[in-house]
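A.B. asks: just coords:
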C-alpha cells in the first residue's frame, strides 16, 4: 500500500504538469496510427509472397473497420474528460523505487491525454500483461482495491475526488483496452 500510494502521489504531480491544449489526446491519435499499421499488416498477410494462413485467418477475424468506428465514438464521448500530461504506460516495470524515493520512468508513450486513461492503464497493468502478455480481466482491481490509490492521488492533487477519478477510469477503460490491443497487433 505504501508503494502504491507513493506512485499515486507521483502520478498526481505528473498530471499537474500541463503543456496546454490544442492537440488531439494521445490515445486517439495513437489508436488511429496503430490502426493504420494493423490494417497494413492485415493486407500484407494476404500477399502471396508473405502468406501465412494462420496469421491471415486471425487478421480476418478482427473487425478493423469496427475499430475505426469505435475510435470515432471515443473521440466524441470522451471529449469532456480532463486532459493533462500523462505517462500512458505506467506499469510496475515503469516505477523505480530507491529506499523511500519513488520515481516514474520510461516515458516513451508520454503525452497529453485523458487523465482517466492514464489511471485505467495503470490499473490494467495490475491485472497483468506487462511482463508475460497475459491480461486477466478478473484481476483488474475492484473499487475497494482502487480506493487507497485514488484517495492518495486526490489528496496530492487537492482539486479532484477519488469518486470523480473512478468515474473517469470507468469512462476511459474501454479506450485503454482498444489502444493497447492495437499495440499488440
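C.D. replies: On my side now, so go ahead. These numbers were taken from a predicted model, which means no experiment stands behind them. Numbering: from 1, shown residues only.

A.B. asks: the least confident helix or strand in the chain by mean pLDDT packs against which elements?
C.D. replies: When each helix and strand of the chain is scored by mean pLDDT, DSSP states H and E, helix 53-60 comes last, with a mean of 85. Applying 3 or more Cβ pairs under 8 Å, 6 or more residues apart in numbering; DSSP states H and E, one finds that helix 53-60 contacts helix 26-46. All C-beta atoms are positioned from the backbone trio N, CA, C, and that covers glycine.

A.B. asks: quick one: buried residues of stretch 60-70?
C.D. replies: Within stretch 60-70, the residues scored as buried using 16 or more other Cβ atoms under 10 Å are 64, 67, 70.

A.B. asks: A strand includes the last one, no?
C.D. replies: Read that as residue 70. No: counting by DSSP: H, G, I helix; E, B strand; the rest coil, residue 70 is located in no strand; its state is helix.

A.B. asks: tell me the contacts of it?
C.D. replies: 174, 178 (Cβ atoms under 8 Å, 6 or more residues apart in numbering).

A.B. asks: grab the most central residue of the protein for me.
C.D. replies: residue 121 (3.6 Å; Cα atoms, centre = their mean).

A.B. asks: that one: which element?
C.D. replies: Element membership for residue 121, per DSSP states H and E: helix 115-126.

A.B. asks: please apply the same query to residue 102.
C.D. replies: Per DSSP H and E: strand 101-104 holds residue 102.

A.B. asks: helices or strands up against that strand?
C.D. replies: Applying 3+ Cβ pairs under 8 Å, 6+ apart, we find strand 101-104 packed against helix 2-16, strand 95-98.

A.B. asks: contacting residues around the least confident helix or strand of the chain?
C.D. replies: So helix 53-60 is contacted by 41-42, 45-46 (Cβ under 8 Å, 6+ apart).

A.B. asks: distance of the closest residue to residue 124 other than its chain neighbours from residue 137?
C.D. replies: Among residues not flanking residue 124 along the chain, residue 176 sits closest, at 5.8 Å (Cβ to Cβ, 6 or more residues apart in numbering). When distance is defined by Cβ to Cβ, to the nearest Å, residue 176 is 12 Å away from residue 137.

A.B. asks: higher neighbour count, these two?
C.D. replies: Higher neighbour count among residue 176 and residue 137: residue 176, with 22 against 9, using other Cβ atoms under 10 Å.

A.B. asks: what's that one in contact with, if anything?
C.D. replies: 27, 117, 120-121, 124.
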